[in-house]
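Undergrad: Sequence first, then the predicted structure:
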Amino acid sequence: MSLLDDVSIVVTPNGYKAGELYAVIPSNGDADMDVTRATDATRVDENGLVNYAEVIGGEEVTCGDFSCAVPTDYWTENGWTINGEASNDGVNTGNLNQDIGLQQDKTYLVEVTITNYNSGTLQVRLGLGATIDVGSSEDTFSLTLTSTSTNSLLRFYPKVGSLFNGSISNVSVKEVTRDNVPRIDYTGGGCPHILAEPQRTNLITYSEDFSQWNNARTTDTSNQATSPDGTNNATYLEQNTGETNAGSIYAPVTVIATDYSFSIFAKKKEKDFIVAYDTNANRTYFNISNGTLGNNGSGGTSKIEDYGNGWYRCSVSYTESSAASTNIAWYLGDTNGSTTVTDSGGVYIYGCQLEAGSYATSYIPTSGSTVTRNQDIFTRDGIGSLIGSEGVLFIEMAALSNDLTNRVISLNDGTSSNRLMLYLNSLSNTIAVVITSGGSTINYAVSDETSFNKMAVRYRDNDLTLWVDGQSRGTPITSATIPTFTALKFDSGGGSSPFFGKVKQLQVYDTALTDTQLAALTS
């Protein structure tokens, strides 16, 4: 008999929509988890690319390929010519438009193919918002834009001063939803996991446009390589000719006395090292030739993560000693610990982040101001019939960092008064289980809480037993009374001690499994 014959809830990185993560079992939606974040957020997708977790809606454009019987039933030409495609002659300044019911403050994915290109630049406008350059070549272009007005028209323009001479086809506009979309993350490759992170703010106001930063003995050139998001928007940071003191690129920031994490994506071109210069004026070296760590002058924790295609995310977490308005920088390096370099060559860079926190979290893009990503919240209420008065809670999970906090997943009654908690303990590298009604905490130390561990707790009256990696761990609780559970939450039941980490699978059984079954489940 399969263990799945006894399972009542299975939640994995599966299907989802905005505000909801689908449970595999039951398949009728009773155990689908509610997801709240109210901001967009990035993840690593199945292709290894860093992008937003999003849900794409249906097509808003009618006759986007201009092949319908009467295209002018839908499109207003204003000097353009429609004949299988929509064309502009490079002299006309009018716009081609369609009323597609755009809604203010909603985000849309706009796609269009430019064909028969001769000269000039094509632009697009949502409603009465800004006019945005689309392209100046034969290609298919994609832009994600937000409608900022109540006007509902989609418009294409020839750019003033560079009038577009060419044709367009395959016009598509679809609504993009990013708020409250659960993140299915493939960092590291292989099977995905559910990602839950705390609220963080990227204090770097231009995370990708390094032309807005300041240079010291360097030159930055935009759009020189394919970045971790899969587009040609990485910057080449190059040492100036004649300069042998390590060059840098730097930006002003205002900090307080607290923990910070500073990170960037970097790829070798000629130079082997990139060097973090934190707000305490310490240098931390990262070897982006072989993905190893060098000298860490911050006294904190440094980390280098392989993102594929030669890209590494380099981060250093440290404690800022005082409040200050200062600079934060990235230096070029040829050798570990040295501030002298050859007077040429450089590295590719992308996606810089400075966040208050003891570890780096997922990338938060910015383009002129700081940006905040809210905390991920996962809950499901009203599922008492799927839990039962005895059973098993099984989770395969890993911590984001060994940050000495309680990160809890619980069965509860919607409050913290009656709950069963299976969690990563504030004790270093420790898994714990506790129930509110009698008994003591079971603690079990693992070698690394940031690696995935399979853990399960069997609960029934006078029997609370923790299993980890195929064995019973710690001292079972033999004086427990099981309360009535009606909810599953990524916190302690009342909102405290939220779970921040990665979950590959979560299962609830409404019957108490045997030791043999628990050994098989957690092996």
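TA: Done, it's in.

Undergrad: how long is stretch 471-486 end to end?
TA: 28 Å (Cα to Cα, to the nearest Å).

Undergrad: And for the worst-scoring helix or strand of the chain on mean pLDDT, what's in contact with it?
TA: When each helix and strand of the chain is scored by mean pLDDT, DSSP states H and E, strand 430-435 comes last, with a mean of 90. Contact partners of strand 430-435, identified using Cβ atoms under 8 Å, 6 or more residues apart in numbering, comprise 406, 419-425, 440-446, 449, 453, 455, 457, 459, 464, 466, 468, 473-474, 477, 480, 482-483. For glycine as for every other residue, the C-beta is placed from the backbone atoms N, C-alpha and C.

Undergrad: Parallel or antiparallel, list what pairs with it.
TA: strand 419-424 (antiparallel), strand 442-445 (antiparallel) (DSSP bridges).

Undergrad: With adjacent residues omitted, what lies nearest to L427?
TA: N443 (6.6 Å; Cβ to Cβ, 6 or more residues apart in numbering).

Undergrad: re the thing from before, buried among the contacts of strand 430-435? Need that as a selection in ChimeraX.
TA: Per 16 or more other Cβ atoms under 10 Å, the buried members of these correspond to this ChimeraX selection:
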select :406,419,420,421,422,423,424,425,441,442,443,444,446,449,453,455,457,459,464,466,468,473,474,477,480,482,483
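
Undergrad: element containing V408, please.
TA: strand 407-412 (DSSP states H and E).

Undergrad: what packs against that strand?
TA: If you count contacts as 3 or more Cβ pairs under 8 Å, 6 or more residues apart in numbering; DSSP states H and E, strand 407-412 packs onto strand 391-399, strand 419-424, strand 487-489, strand 501-509.

Undergrad: Neighbouring strands - and their directions - for that strand?
TA: strand 419-424 (antiparallel), strand 487-489 (antiparallel).

Undergrad: so who does the residue nearest to L427 touch?
TA: Contacts of N443 by Cβ under 8 Å, 6+ apart are 425, 427, 430-432, 474.

Undergrad: which residues in the chain form helices?
TA: Using DSSP state H, the helices of the chain run over 384-387, 515-522.

Undergrad: In the protein, where is pLDDT below threshold?
TA: For the chain, applying pLDDT under 70 flags the ranges 1, 438-439.

Undergrad: thinking again about what came up before, output the strands paired with strand 430-435 in a markdown table; the columns should cover distance to D413.
TA: Formatted as a markdown table, the strands paired with strand 430-435 follow (distance: least, Cβ to Cβ, whole Å):
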| stretch | distance to D413 |
| --- | --- |
| strand 419-424 | 7 |
| strand 442-445 | 21 |
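
Undergrad: circling back: distance between the strand holding V408 and the chain's centre?
TA: Offset of strand 407-412 from its chain centre (Cα atoms, centre = their mean, to the nearest Å): 23 Å.

Undergrad: Just the C-alphas of that strand, formatted as CSV.
TA: Presented in CSV, the C-alpha positions along strand 407-412 are these (Å, rounded to 0.1, in the frame of the first residue of the first chain):
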residue,chain,number,x,y,z
ARG,A,407,10.7,29.7,11.5
VAL,A,408,7.5,27.8,12.0
ILE,A,409,5.0,25.8,10.0
SER,A,410,2.0,24.8,12.2
LEU,A,411,-1.3,23.0,12.4
ASN,A,412,-3.6,25.2,14.5
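
Undergrad: and that strand with strand 501-509, angle?
TA: For strand 407-412 against strand 501-509, the angle between stretch directions is 20 degrees (axes from the mean of the first three to the mean of the last three Cα atoms, to 10 degrees).

Undergrad: which residues touch the residue found closest to G129 once you drop the neighbours it is linked to in the chain?
TA: Nearest non-adjacent residue to G129, counting by Cβ to Cβ, 6+ apart: T148, 4.3 Å away. Contacts for T148 (Cβ under 8 Å, 6+ apart) come out as 104-105, 126-130.

Undergrad: Now for the residue lying farthest from the centre of the chain: which residues touch it?
TA: The centre of the chain is farthest from one residue, V91, which by Cα atoms, centre = their mean lies 44.3 Å away. Neighbouring residues of V91 by Cβ under 8 Å, 6+ apart: L163.

Undergrad: that older thread, export the helices and strands packed on strand 407-412 to JSON lines and tack on distance to E355?
TA: Shown next, in JSON lines, are these (distance: least, Cβ to Cβ, whole Å):
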{"stretch": "strand 391-399", "distance to E355": "17"}
{"stretch": "strand 419-424", "distance to E355": "21"}
{"stretch": "strand 487-489", "distance to E355": "25"}
{"stretch": "strand 501-509", "distance to E355": "17"}
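
Undergrad: Pick the most buried one from the ones you listed.
TA: Using mean count of other Cβ atoms under 10 Å, the stretch among these with the largest mean neighbour count is strand 419-424, at a mean of 25.

Undergrad: Okay, angle between that one and strand 391-399 too, please.
TA: 30 degrees.

Undergrad: How about residues contacting strand 419-424?
TA: 393, 395, 397, 399, 406-413, 430-436, 449, 455-457, 459, 464, 466, 482-483, 485, 492-493, 497, 499, 501.

Undergrad: do that again at 7 Å, thanks
TA: Applying Cβ atoms under 7 Å, 6 or more residues apart in numbering, the external contacts of strand 419-424 come out as 393, 395, 399, 406-412, 431-436, 449, 455, 457, 459, 485, 492-493, 501.

Undergrad: Now find how far off-centre that strand is within its chain.
TA: Offset of strand 419-424 from its chain centre (Cα atoms, centre = their mean): 26 Å.
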